[in-house]
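Chemist: Pasting the sequence and the predicted model now:
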Amino acid sequence: MGLPTKETMLDIFTKMSLLKQNDERMRAVIKSGRLVMPYYSVRGQEAIPSAISTLLRDTDFICTIYRGTHDSLAKGCPVDKLWAELAGRVTGTCKGKGGPMHITHPESGVMVTTGIVGSTMPIANGLAWGSKLKGNDAVTIAYFGDGASNIGAFHESLNLASIWKLPVIFVCSNNGYAEHTKTEACTAIDEIARRADSYSMPGVRVNGNNPLEMYEVAKTAIERARAGEGPTLIEAMTFRFFGHVFGDDDKYMDPGEKEERLKDDPYPFYRSFLIDGGHAGEDELAAIEAKHKDEIDAALQFALDSPFPDADEVRRDVYAYEVVE
Amino acid sequence: MGLPTKETMLDIFTKMSLLKQNDERMRAVIKSGRLVMPYYSVRGQEAIPSAISTLLRDTDFICTIYRGTHDSLAKGCPVDKLWAELAGRVTGTCKGKGGPMHITHPESGVMVTTGIVGSTMPIANGLAWGSKLKGNDAVTIAYFGDGASNIGAFHESLNLASIWKLPVIFVCSNNGYAEHTKTEACTAIDEIARRADSYSMPGVRVNGNNPLEMYEVAKTAIERARAGEGPTLIEAMTFRFFGHVFGDDDKYMDPGEKEERLKDDPYPFYRSFLIDGGHAGEDELAAIEAKHKDEIDAALQFALDSPFPDADEVRRDVYAYEVVE
Amino acid sequence: MTEKMTMVQAVNAALADAMEADETVLLLGEDIADKEGGGVCGVTAGLSTRFGTDRVKSTPISEQAIMGAAIGAAMIGFKPVAEIMLMNFFTVASDMIVNHAAKLRFMSGGQTSVPIVVRTMTGAGVSNGGQHSDYLEAWFAHTAGLKVVLPSCPADAYGLMLSCIDDPDPCIFIETLPSLFTPGPAPERGRKIPIGKANVIRQGGHVSVIAYGRIVNSIATLAEKLSGEGIEIELIDLRTISPLDLDTILASVRKTGAAVVVHEAVKAFGPGAEISSAIHERLFDALRAPVKRIGAKYAPVPFSQPLETASLPSIGEVEAAIRALAPAKIPVPA
Amino acid sequence: MTEKMTMVQAVNAALADAMEADETVLLLGEDIADKEGGGVCGVTAGLSTRFGTDRVKSTPISEQAIMGAAIGAAMIGFKPVAEIMLMNFFTVASDMIVNHAAKLRFMSGGQTSVPIVVRTMTGAGVSNGGQHSDYLEAWFAHTAGLKVVLPSCPADAYGLMLSCIDDPDPCIFIETLPSLFTPGPAPERGRKIPIGKANVIRQGGHVSVIAYGRIVNSIATLAEKLSGEGIEIELIDLRTISPLDLDTILASVRKTGAAVVVHEAVKAFGPGAEISSAIHERLFDALRAPVKRIGAKYAPVPFSQPLETASLPSIGEVEAAIRALAPAKIPVPA
Ligand SMILES: Cc1ncc(C[n+]2csc(CCOP(=O)(O)OP(=O)(O)O)c2C)c(N)n1
Ligand SMILES: Cc1ncc(C[n+]2csc(CCOP(=O)(O)OP(=O)(O)O)c2C)c(N)n1
Ligand SMILES: [Mg+2]
Ligand SMILES: [Mg+2]
């Protein structure tokens, strides 16, 4: 495996920095009580969409889940609109109507964020089908978790994608848990990637905490999809540092498990890798991080300064026209 | 593979004879216009439940589908009550309320017949779970088709059965078609049995037109289930001689395909095998067949002589008590 | 216009005309392409041959995947018409329809939309039993963001299908299985029938009868008979269940002062409840008597034919209800 | 009785008492065992430790498999209480519930039965957004064969849960997410509350208010205030949506001559439509004015808190409706 270009490696880092700091700030703000919402922290899983998204164009699509701010930001969803959305403001991506579980930003290709486990996959197929019909080489990423690999929609979607040779990549972030249930307690196979065999589709397990391995695997899958050769299932092994929903305890984990897994933090690992390998200087990375800090400061301020949507918004966007009751 | 006992071999034949003749008569009666219903002929698939059912007890359960008269009869559902049900009479298994897609006869272990593709599997799991909790060694068979292996419930059910080590056997009758769609056109794997791998469960493909091979495979699976070792997926290769719903044309088949496949008729094959191998005499088999003819004559008469249910039945069995509107 | 057509032919014609006019119109569903017979009832027959199997796709038995494919393609500019073969199979696909198709426009603050049509067939009366006969339009009428259409005749099916395909929002299009092959006057090609607008089939001053689906036709026949006796009903075929055309309903009841609502869905918590309460709320003082609701019995649909009939609303019930509501003194017909 | 309990604790107690009394009672659902936290909101906390993981089983995220397991076990003598974590997830499991649990008794001619309870949580008001907040009880009330229960307070939740577990038919048991942790008077242990029987929370002669779920509590508070002004409402907490306790409703409206129906489900085609039309049909002449329905707006539930509030029925609306319906001349209180 050769390394990607320096530019790409920095691009991945830049995304990871944004995702990590954004998550940290989000948790801090929620903890302080300034914003109230169900928040599914993405801390620990940054490497996955960061690596993938450097391979994507604005015209490519993603569908992601409630635990998806990292996926959306990596794909290009603007930070300020994201914050405004999470603050329920009219300046948010969705005018405050969607919230953290429903971030949408078609301009950057963030098409669906869903709160229903398993539901990214069927819709991602549709986006991929449409792209294929248009004859362009856009690809669609369906993000989901290990727990979602046990629901019916997973099966139906992978089967259809394979038969229709759709340009879609199924990215399963295996963080070891579905809410509080261990993956092995609910999943009758050791390696979720092997479920791809049931659909005559390549299936690859990869260390999702290593951005470069992730990048390689994603590259192969995305190129395959762009070339019209069909879908791939990627199982990215990772961990969510802050449990299922922010505020949860971690009693369901084995003693010492969390401590052990926190050691495998993709962020410092990759940061050191870049510096130690001479791919980037400390100053350079610190500057990126500082830029993100400012960007997030500004985004939070933008969100809090923005107005809430007008009550009339309840009647709008139900249909294409306004509802009169 | 050793042969089963002579008694078992005759038992299988006896069931096959009943199933085949029953189907023939059913088609004749529908064709004549004496009964009107959607009928899903089972002709060609007799060997599967005949072999399996010789291994089952009254206390074992089956869940089957609209194409399921063979499964129910093989399990012991009385012929006369079946006919009465299909004729919509109050003397039917279900007082005429269920009809051909919903044959139920708990006394013989026929627990559910469903018209919804994929739905035998989740409920079979429940019956198997209950049996396991009771600490008896009853097993449950979930019958379904090749097409059903693409629906979500298949995936969820096999996963759960494996994790819970349920005494259930998933029997997929692969007759090459889901309605008018070829299996390979909608199923992204050559061998459905291999989907068992996704659930760490044994998966076996078998010639479902050979009752003895079918018997062997079923025996292993049933013994495994009774011993508490968990579920098995069996893919029984077969063909339905009369299309999806009786009355269909067969334009969706390749030219010559049907003719070719009709040659592989389990009934004459097995009949000859028994006689040629000296396992049974022509007279003996003819006597069994004649008995079934009489039994079916009587069943048809019983059905036609029986009254229709009273209109009050609409209010009964909705709840445990009668509905007053 | 004496040409006749069945609902199968009419929907087929609408799909063909829409596909001809707009290449973003796509069809998908189980067995719908010609290789697979052109649909179990032939509604899509000939279309894959004519428009290609890229645009007319047979699918696996995977209702969630079918709906997801339709939704995703719709979000990027296509107009998919997805078939869920029978309405009871919505129960395996309703997440996609209710949580996604219906809500994505709203939840995205208007950034995305899902202009799909979901075609489905249903209806008791053909001994299909409990799992193949339910009318579930009330579920979808209760789901904000969906439109629900249920034509009573081939010509309406044609015109409403054209409108559904054109509509920017997800539409549920329900075909009545028992009358799928009943011929009726052929539609005028290209003529759309608006969604959300009821059809006053017959004008009359004595009792408003509000119905939809195949039973409208039996009521039209009944109306003739009653007219002979001097009872003039105003027969309203809703065509669309949601959004409900209250204007037309209210205008009629304001005139007649009495209403009967009829559908083949189960009466309890059925669409008739909404219609009846909406009328009472707005025309309480104009009503001579309470609105009468007629629907199917509170039971699964039985297989046995006499029982199945007993579970359905009968035209006799409708007649009795109308007679009971007709003004005591009917002016003698001239 | 001054002891207090939350709905979480009350349902937990009911499950524990039922499991203690009857070893055929089983629990299954995502994360429900103690190893997995005893349920996302703690409703099943402690039960797997006490009764063993054979009887309290955490499941994969597989709602169809969950419901199927419950149905099958119920058919052979068990009484499973299955959790579908949130009501919107019924959309992936409704085949099992609607086509099977609800119909197997009927379609088998009474040979089999499905005595399950499906526990679920829902409710807007906690900024969970469009896919986690819907009240879909109307769907299940429209489905013959199901019973639908929605308690307004911890004590009712306890008594109704005991009855649901005992009931020979499938029951949908809906817990209100926004008031799950609100304390209320503790139930009397072992005391069942019958299904299908409404609770007259407060007697009054002026206006009947028919409601269910957490909003009942706000209406009770409002009733105090109005009483101070001489307006006496009769407050009926339905407890059960289906089968509906029409006797209690009608007896009240016969007395008051006016009714307001309130729920948090979407108003259009909602449960209130059935209640309103049923009242009009039977008490048309006894009514001073049409029944007033109050429900959620026709929209998905918005995330943004002010919008979410705007989409829900407000107590102000209820108050205005009651005032509008109160008799013009209220007798001066003694
Ligand atoms: C159909 C459905 N069932 C249950 C839930 C509740 N739920 C939300 S997240 C979740 C766990 C999902 O686990 P996984 O797929 O591994 O994703 P992760 O949260 O670990 O990222 C569950 C059960 C849901 N949202 N949708
Ligand atoms: C959920 C669902 N979708 C679609 C159907 C319509 N349908 C009935 S049978 C059938 C084909 C099933 O094929 P297969 O599983 O191979 O069984 P076979 O009929 O060949 O025995 C279909 C699509 C259904 N009954 N249920
Ligand atoms: Mg996970
Ligand atoms: Mg088949």
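Modeler: Noted; the coordinates are in hand. Ligands and ions are numbered 1, 2, ... in the order given.
Chemist: just the helices in the stretch 201-334 of chain C please.
Modeler: Along the stretch 201-334 of chain C, counting by DSSP state H, counting those that start in this stretch, helices occupy C:215-228, C:246-256, C:271-283, C:305-311, C:315-325.
Chemist: Spatially central residue for the chain, please.
Modeler: Since no chain was named, I'll use chain A. With distances taken as Cα atoms, centre = their mean, the residue of chain A nearest its centroid is residue A:71 (2.5 Å).
Chemist: Was I right to think that residue contacts residue A:143?
Modeler: Yes - with contact defined as Cβ atoms under 8 Å, residue A:71 reaches residue A:143; the gap is 5.1 Å. Where you see a C-beta, it was placed from the backbone N, CA and C, and this is true even at glycine.
Chemist: which neighbours do those two share?
Modeler: Shared contacts of residue A:71 and residue A:143 (Cβ atoms under 8 Å, 6 or more residues apart in numbering or on different chains): A:49, A:62, A:64.
Chemist: Check the gap between the residue of chain A found nearest chain D and ligand 2 for me.
Modeler: Nearest residue of chain A to chain D, counting by Cβ to the nearest Cβ: residue A:99, 2.7 Å away. The gap separating residue A:99 from ligand 2 is 32 Å, by Cβ to the nearest ligand atom, to the nearest Å.
Chemist: for residue A:252, same thing?
Modeler: Separation of residue A:252 from ligand 2 (Cβ to the nearest ligand atom) stands at 35 Å.
Chemist: And residue C:133, by the same measure?
Modeler: 12 Å.
Chemist: quick one: contacts for that residue?
Modeler: Going by Cβ under 8 Å, 6+ apart, residue C:133 touches C:88, C:122-126, C:177, C:301.
Chemist: what's the nearest residue to the residue in the stretch 1-150 of chain C positioned nearest to ligand 1 if we skip its chain neighbours?
Modeler: Going by Cβ to the nearest ligand atom, ligand 1 is nearest to residue C:95 of the stretch 1-150 of chain C, at 7.0 Å. Distances taken as Cβ to Cβ, 6 or more residues apart in numbering or on different chains place residue D:91 nearest to residue C:95, at 3.8 Å, with adjacent residues excluded.
Chemist: rewinding a little: comparing the helices of the stretch 201-334 of chain C, which comes out most buried?
Modeler: helix C:271-283 (a mean of 25; mean count of other Cβ atoms under 10 Å in any protein chain shown).
Chemist: so what secondary structure elements neighbour it?
Modeler: helix C:137-141, helix C:246-256, strand C:259-266, strand C:292-296, helix D:271-283, strand D:292-296 (3 or more Cβ pairs under 8 Å, 6 or more residues apart in numbering or on different chains; DSSP states H and E).
Chemist: Format these as TSV; extra columns: distance to residue B:321 and mean pLDDT.
Modeler: Formatted as TSV, those follow (distance: least, Cβ to Cβ, whole Å; pLDDT from 0 to 100):
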stretch	distance to residue B:321	mean pLDDT
helix C:137-141	25	98
helix C:246-256	37	98
strand C:259-266	18	98
strand C:292-296	20	98
helix D:271-283	20	98
strand D:292-296	30	98
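Chemist: got a markdown table for these, with distance to ligand 3 too?
Modeler: As requested, the helices and strands packed on helix C:271-283 are arranged in a markdown table below (distance: least, Cβ to the ion, whole Å):
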| stretch | distance to ligand 3 |
| --- | --- |
| helix C:137-141 | 31 |
| helix C:246-256 | 47 |
| strand C:259-266 | 40 |
| strand C:292-296 | 44 |
| helix D:271-283 | 36 |
| strand D:292-296 | 32 |
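Chemist: check contacts around residue 149.
Modeler: Looking at chain A here, since you left the chain open. Contacts here follow Cβ under 8 Å, 6+ apart; on that basis residue A:149 touches A:172, A:187, A:192, A:195.
Chemist: Chain C is the one I meant
Modeler: So, once contact is read as Cβ under 8 Å, 6+ apart, residue C:149 ends up touching C:160, C:164, C:171-174, C:195, C:239-241.
Chemist: so which pair among the contacts of residue A:149 is furthest apart in space?
Modeler: Within these, two members stand farthest from each other by Cβ to Cβ: A:172 and A:187, at 10.5 Å.
Chemist: so can I have TSV of the helices of the stretch 201-334 of chain C showing distance to residue D:80?
Modeler: Below are the helices of the stretch 201-334 of chain C laid out as TSV (distance: least, Cβ to Cβ, whole Å):
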stretch	distance to residue D:80
helix C:215-228	40
helix C:246-256	44
helix C:271-283	32
helix C:305-311	29
helix C:315-325	39
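Chemist: Which of those helices sits closest to residue D:206?
Modeler: Closest approach to residue D:206 among the helices of the stretch 201-334 of chain C (Cβ to Cβ): helix C:271-283, 19.7 Å.
Chemist: hmm, who's touching the closest one?
Modeler: Here helix C:271-283 makes contact (Cβ under 8 Å, 6+ apart) with C:137-138, C:141, C:210, C:241, C:244, C:246, C:249-250, C:253-254, C:259, C:261-263, C:265, C:287, C:290-291, C:293-295, D:268-270, D:272-274, D:276-277, D:280-281, D:290-293.
Chemist: Let's see that with 6 Å instead.
Modeler: C:138, C:210, C:241, C:246, C:250, C:253, C:259, C:261, C:263, C:291, C:293, C:295, D:269, D:273-274, D:276-277, D:280, D:290 (Cβ atoms under 6 Å, 6 or more residues apart in numbering or on different chains).
Chemist: How about stretch C:42-61?
Modeler: Contact with stretch C:42-61 is made by A:159, B:117, B:147, B:150-151, B:178, B:181, B:186, C:8, C:11-12, C:19, C:26-28, C:30-34, C:36, C:38, C:66, as judged by Cβ under 6 Å, 6+ apart.
Chemist: for the record, mean pLDDT for that stretch?
Modeler: Averaged across stretch C:42-61, pLDDT comes to 98.
Chemist: Tell me where the chain has strands.
Modeler: Picking chain A for this. For chain A, the strands defined by DSSP state E occupy A:61-65, A:110-114, A:140-145, A:168-174, A:177-178, A:181-182, A:203-207, A:232-237.
Chemist: look at chain C instead
Modeler: Counting by DSSP E, one finds strands in chain C at the ranges C:4-5, C:25-29, C:56-58, C:79-86, C:117-122, C:147-149, C:171-176, C:184-185, C:199-202, C:207-211, C:233-237, C:240-242, C:259-266, C:292-296.
Chemist: Quick one: name whatever helix or strand follows the fourth one.
Modeler: Moving toward the C-terminus from strand C:79-86, the first helix or strand encountered (DSSP states H and E) is helix C:94.
Chemist: No further questions, thank you.
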